[in-house]
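Trainee: from the sequence below, what's the structure:
(3 chains)
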Amino acid sequence: MASGPGARTTVRLAEIAAALGVELRGDGSREITRIGPLEGATPQTISFLSQARLRHLLTGTQATCVIVREDSAAEVLAQGAAALVTADPYLCYARLTRWWVQRHRAAPVAGIHASAVIAEGARIHPSASIGPLVVVEPGARIGEGAIIGAQCFIGDGAVVSEGARLHPRSILGAACVLGRRSVLHGGAVIGSDGFGFAPTEGRWEKIEQLGAVSIGDDVEIGANSCVDRGALDDTVIEEGVKLDNLIQIAHNVRIGAHTAMAGCVGVAGSARIGRHCTFGGAAMILGHLEIADHVHISAASVVMSSILRPGQYSGVFPIDDNASWEKNAATLRQLHTLRARLRALEKKSST
Amino acid sequence: MASGPGARTTVRLAEIAAALGVELRGDGSREITRIGPLEGATPQTISFLSQARLRHLLTGTQATCVIVREDSAAEVLAQGAAALVTADPYLCYARLTRWWVQRHRAAPVAGIHASAVIAEGARIHPSASIGPLVVVEPGARIGEGAIIGAQCFIGDGAVVSEGARLHPRSILGAACVLGRRSVLHGGAVIGSDGFGFAPTEGRWEKIEQLGAVSIGDDVEIGANSCVDRGALDDTVIEEGVKLDNLIQIAHNVRIGAHTAMAGCVGVAGSARIGRHCTFGGAAMILGHLEIADHVHISAASVVMSSILRPGQYSGVFPIDDNASWEKNAATLRQLHTLRARLRALEKKSST
Amino acid sequence: MASGPGARTTVRLAEIAAALGVELRGDGSREITRIGPLEGATPQTISFLSQARLRHLLTGTQATCVIVREDSAAEVLAQGAAALVTADPYLCYARLTRWWVQRHRAAPVAGIHASAVIAEGARIHPSASIGPLVVVEPGARIGEGAIIGAQCFIGDGAVVSEGARLHPRSILGAACVLGRRSVLHGGAVIGSDGFGFAPTEGRWEKIEQLGAVSIGDDVEIGANSCVDRGALDDTVIEEGVKLDNLIQIAHNVRIGAHTAMAGCVGVAGSARIGRHCTFGGAAMILGHLEIADHVHISAASVVMSSILRPGQYSGVFPIDDNASWEKNAATLRQLHTLRARLRALEKKSST
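Mentor: Numbers count the residues shown, from 1 in each chain, chains lettered A, B, ... in the order given. You can find the predicted model right below:
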């Protein structure tokens, strides 16, 4: 059962409909205590149906209200439930969760916790909230309404813009900029050194990384993800980009606006990634290449050279029972030879 | 050489045998200062032999005592060493390490370090140990004998059950539950937001994640691993699960009891994984699928659809010298065509 | 534009040439405010040309000075820029960045920040710098000139050698040793427990990890990377090794001197890796195997057995448009059968 913060309080349906600006069919006085999935919905639950293939879940649902498209509204009402009718139920559900959290979760208190260590010369807006055991270095700026969770670290000259939020124990390194309303999750490290070394006589000599990280507005970066500072210029994450957990963004990468990456993705140095792209989990992008706008990379696929045309791209060895895999993998190591043998046969056969 | 905490102190063999309840053959008054591998064992070392194929390592060993099966006991004694005789030497070795640590490492002191920041309303059992610079938010509960290492963060309403341990700098987020005797390693983030966004007009709108994470008893979660909170219901890690380092568990995943995952594994949203499964390092599990009990996934293999039968599954491109790989990989991109050409030849040949 | 710390101050060219011991051709009185790439270089920028294939970027450059090999010096001067002439421009650039940072960034102040929690019995050299909210446990030793960033954790008996640096929020666990001048980046966890469990009756019993981690001189370990302590002996990272971000090194691994690994690499337990090797991003190395010196593993390749000969090795499924991949991947699952059919045809054809 949902036990997350703010998951259980009471709201009347009419209030929800008004807040979201969505048409309500059914009794607006009914009470909701929970947002929940259709499957296993209990009374006092508001749910949603976003995919036609799940329509069978409406039958016999106990939900008090379901967010649906017009074409499912009658079926919801026939179940004795109310319906919120909208062209995009999934989007409506997203907005409901945000309204719900705003209504039910206490916002952090403005001000600086007594245990935080704020360097002289740091500028913190009085409406910002600085949690316990935070460290803010000299020259950092923290904007209006920003929320800095417990144990965060804000480096020298870093900028946290208006309304941005750092969840507990995230890092915004020296001179890095986090855009308006952008979010860092726990353990994220923004502004670690890029991996730059010059080889000489069998050793590696450090190249100091003199750039920073520039993160646009409305970006979200997941737990324990890393974005390295640029070698000379900045690593750039444009507005609206969403990065999941445990993602590695190397130095000098540029990620275009509104691109999204699922967990465990890695992007090597100086890759330039377009806008509105998506990357499945554990996709790997090699360095010094370009990916166009609207490119979609499947999970666990490896991009080894530039992709200049929009589309869906994949490259994963299909999983199989171990014995079959062993035989096929062994044969794969002779594939080039097999092709040559096939050619020889074709030649012979055509004579 | 082993230099870990508690690795060097002196114990008599008879005391070890008694503590573990295992039969000792040889002189119980001999002294042990160290647990060590057979290879390169020095005197005063207790070692173990768990795999028959390593039996040759017994010859000439300097170990004072070896934990072995009955069928190797005579050989151990013939080397002048003592033998601890048991049906499962590896298990006996595991128990020896735990007894050793309990005997030699100082347990953290009960009580709350003066530098910890404990919110009003948090309930902390007097026998629990709260390290320096820990943050505990309101409504959190910390059970009997729990150990919270330095710089940890325990969110609002989170529960640390009896005997659980958080190593320094791990996070248990708001409303998340950690079971009895469960362990989080450094940098682990439990309860980060699931990666949920609704697409609209080329942008992504945040879906607040209202669930939490529910972790059973005797679970262990490795360093810098992440477990996201559920979107509506909870993400669930059942009892006895062991997760290694740098693992990503997405929202609404359920991992069945006693399943183990090696480092760098990723599990996408809403995957349901059975009990007693194992996953090799860097295996990737896509979302919204099911894996049965007793399924074993090889390292670096990608599960793209449900696996409903127990067994070992693999899917990895075999590594080769770079030139051979290039030729085979290029040919692989024409494999479907090769099959068609083969069919054509077969047809021709059969006429 | 570069906005990193220390990126903007003024230096005369002659001073740079003298500091690096490199021959200057052109006017030494010209002023430099920035190190920048050739592409888009602005006046007062010093740049470098390390790859012949980028030589066209010299034409029309606005850079005030370019670091080049002898064979490009005339072309630089013809552009009206000065030239620093050296046999290895990339190495010269590396050294310039280090000199630049030393000259322009304020070094952390020696001494212990008032908010740090230092246990009795820890030994800290008076020239070391201990940042805010650091925790140092008993028996730890911190050497001359070492820098411990904010919120770091130094475990019981750990050793930070002379000149080593821990960036904010990194962990050096109990009994672990960090060599001279070595660097840990934010979120790195050194000394987490190895993943050791003995199976018994469907459950896993913990094997306490009694070893530590031994890290040599001049090692660098990236953000949120993990190195597990050994089960009995130590995990060993030899001198000069460079590890990027989000890398997992399991227990009892040994990494030979001057080996470098890019982001997201994983190395399973007891692997022995040679000297002067390189690993591309997300390469995965299975356990209990050996890799010789001078082996180079391509990105995303999986090493499943020992590699005893130097060379470049690869194993990645080539990415393709999704429809082509689906067909080829499906055929790949029948590859062994295809080979048998080819053989049958060959037999028939040869009769």
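Trainee: do you have the helices of the stretch 51-200 of chain A handy? List them.
Mentor: A:70-78, A:89-104 (DSSP state H, counting those that start in this stretch).
Trainee: output the ones you listed as CSV; include the columns mean neighbour count.
Mentor: For glycine as for every other residue, the C-beta is placed from the backbone atoms N, C-alpha and C. Formatted as CSV, the helices of the stretch 51-200 of chain A follow (neighbours: other C-beta atoms under 10 Å in any protein chain shown):
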stretch, mean neighbour count
helix A:70-78, 15
helix A:89-104, 19
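Trainee: make CSV from these and add mean pLDDT and distance to B:L77 to it.
Mentor: CSV is the format used below for these (pLDDT from 0 to 100; distance: least, C-beta to C-beta, whole Å):
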stretch, mean pLDDT, distance to B:L77
helix A:70-78, 96, 78
helix A:89-104, 96, 68
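Trainee: out of those, nearest to chain B?
Mentor: Chain B sits nearest to helix A:89-104 of all the helices of the stretch 51-200 of chain A, at 3.8 Å, using C-beta to the nearest C-beta.
Trainee: how far off centre is that closest one?
Mentor: The chain centroid and the centroid of helix A:89-104 are separated by 17 Å under C-alpha atoms, centre = their mean, to the nearest Å.
Trainee: and it, what does it pack onto?
Mentor: Other helices and strands packing on helix A:89-104, by 3 or more C-beta pairs under 8 Å, 6 or more residues apart in numbering or on different chains; DSSP states H and E, are helix A:13-20, strand A:34-35, strand A:45-48, strand A:65-68, strand B:197-200, strand B:203-206.
Trainee: now with 6 Å, please.
Mentor: strand A:65-68, strand B:197-200 (3 or more C-beta pairs under 6 Å, 6 or more residues apart in numbering or on different chains; DSSP states H and E).
Trainee: and the angle from that helix to helix A:70-78?
Mentor: 60 degrees (axes from the mean of the first three to the mean of the last three C-alpha atoms, to 10 degrees).
Trainee: now the helices of the stretch 51-200 of chain A as TSV including distance to C:Q62?
Mentor: Output for the helices of the stretch 51-200 of chain A, formatted as TSV (distance: least, C-beta to C-beta, whole Å):
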stretch	distance to C:Q62
helix A:70-78	60
helix A:89-104	48
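Trainee: now do the contacts for A:M284.
Mentor: A:266, A:302, C:282, C:300 (C-beta atoms under 6 Å, 6 or more residues apart in numbering or on different chains).
Trainee: over to A:A94?
Mentor: Counting by C-beta under 6 Å, 6+ apart, A:A94 has contacts B:198, B:205, B:207.
Trainee: could you measure from A:T200 over to chain C?
Mentor: The spacing between A:T200 and chain C, counted by C-beta to the nearest C-beta, to the nearest Å, is 5 Å.
Trainee: what about that residue, neighbour count?
Mentor: A count of neighbours around A:T200, defined by other C-beta atoms under 10 Å in any protein chain shown, yields 13.
Trainee: please name the nearest non-neighbouring residue to it.
Mentor: Spatial nearest neighbour of A:T200, excluding adjacent residues (C-beta to C-beta, 6 or more residues apart in numbering or on different chains): C:L91 at 5.1 Å.
Trainee: out of the contacts of A:M284, list just those in helices.
Mentor: Assigned to helices by DSSP state H, none of the contacts of A:M284 qualify.
Trainee: list only buried entries from those.
Mentor: With burial judged by 16 or more other C-beta atoms under 10 Å in any protein chain shown, the buried subset of the contacts of A:M284 is A:266, A:302, C:282, C:300.
Trainee: could you report the pLDDT at the residue nearest to the third one when sequence neighbours are not counted?
Mentor: Excluding the flanking residues, the one nearest C:A282 by C-beta to C-beta, 6+ apart is C:C264, at 4.2 Å. Reading off the per-residue confidence, C:C264 sits at a pLDDT of 98.
Trainee: list the buried residues of the helix-or-strand element of chain A with minimal mean pLDDT.
Mentor: Here the helix or strand of chain A ranked lowest by mean pLDDT, DSSP states H and E is helix A:335-350, holding a mean of 93. For helix A:335-350, the buried set under the neighbour-count rule, 16+ other C-beta under 10 Å, comprises A:335-336, A:338-339, A:342, A:345.
Trainee: the residues you listed into TSV, with extra columns for distance to chain B?
Mentor: Below are those laid out as TSV (distance: C-beta to the nearest C-beta, whole Å):
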residue	distance to chain B
A:L335	4
A:H336	4
A:L338	7
A:R339	5
A:L342	6
A:L345	6
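Trainee: among these, which ones lie close to chain C?
Mentor: A:L345 (C-beta under 6 Å from any C-beta of the partner chain).
Trainee: can you tell me how far the residue in the stretch 251-351 of chain A that chain C sits nearest to is from C:A329?
Mentor: Among all residues of the stretch 251-351 of chain A, A:G315 sits closest to chain C, at 3.4 Å; criterion: C-beta to the nearest C-beta. A:G315 is 9 Å from C:A329, where distance means C-beta to C-beta, to the nearest Å.
Trainee: of the two, who's got more company?
Mentor: Using other C-beta under 10 Å as the criterion, A:G315 and C:A329 rank with A:G315 on top: 28 against 21.
Trainee: quick one: contacts for the more buried one?
Mentor: By C-beta under 6 Å, 6+ apart, the residues touching A:G315 are A:301-302, C:317-319, C:325.
Trainee: ditto for A:I297
Mentor: Counting by C-beta under 6 Å, 6+ apart, A:I297 makes contact with A:279, A:283, A:313.
Trainee: and chain C, which of those contact it?
Mentor: A:Y313.
Trainee: neighbour-wise, give me the winner out of the contacts of A:I297.
Mentor: Counting neighbours by other C-beta under 10 Å, the top entry in these is A:A283, with 30 neighbours.
Trainee: ok, and the closest non-adjacent residue to it?
Mentor: Leaving aside its chain neighbours, A:A283 sits nearest to A:I297 (4.6 Å; criterion: C-beta to C-beta, 6+ apart).
Trainee: partners of the one you found in the sheet?
Mentor: A:F279, A:Y313 (DSSP bridges).
Trainee: what does the model give it for pLDDT?
Mentor: The confidence metric pLDDT takes the value 98 at A:I297.
Trainee: residues from the stretch 251-351 of chain A in reach of chain B?
Mentor: So the stretch 251-351 of chain A meets chain B at A:258, A:263-264, A:276, A:281-282, A:299-300, A:316-319, A:321-322, A:325, A:329, A:333, A:335-336, A:339, A:342, A:345, A:349 (C-beta under 6 Å from any C-beta).
Trainee: then the stretch 101-250 of chain A?
Mentor: So the stretch 101-250 of chain A meets chain B at A:101, A:115, A:132-133, A:150, A:168-169, A:185-187, A:223-224, A:240, A:242, A:244-246 (C-beta under 6 Å from any C-beta).
Trainee: again, 8 Å this time
Mentor: Within reach of chain B by C-beta under 8 Å from any C-beta of the partner chain, the stretch 101-250 of chain A has these residues: A:101, A:113, A:115, A:131-133, A:150-151, A:167-169, A:185-187, A:218, A:220, A:222-224, A:240, A:242, A:244-246.
Trainee: these in strands, which ones?
Mentor: With DSSP state E as the criterion, strands contain A:220, A:242 from among these.
Trainee: give the buried subset of the residues of the stretch 101-250 of chain A next to chain B as a ChimeraX selection command.
Mentor: To isolate the buried ones among those in ChimeraX, judged by 16+ other C-beta under 10 Å, type:
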select /A:101,113,115,131,132,133,150,151,167,168,169,185,186,187,218,220,222,223,224,240,242,244,245,246
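Trainee: where are the low-confidence patches of the stretch 151-300 of chain A?
Mentor: Along the stretch 151-300 of chain A, no part satisfies pLDDT under 70.
Trainee: in it, what residue comes closest to chain B?
Mentor: Taking C-beta to the nearest C-beta, the stretch 151-300 of chain A has A:A223 as its residue nearest chain B, at 3.7 Å.
Trainee: ok, and the closest non-adjacent residue to that residue?
Mentor: Nearest residue to A:A223 in three dimensions, chain neighbours excluded: B:S192, at 3.7 Å (C-beta to C-beta, 6+ apart).
Trainee: my guess is that neighbour meets A:S225, correct?
Mentor: No. Using C-beta atoms under 8 Å as the test, B:S192 is too far from A:S225 to be in contact (10.0 Å).
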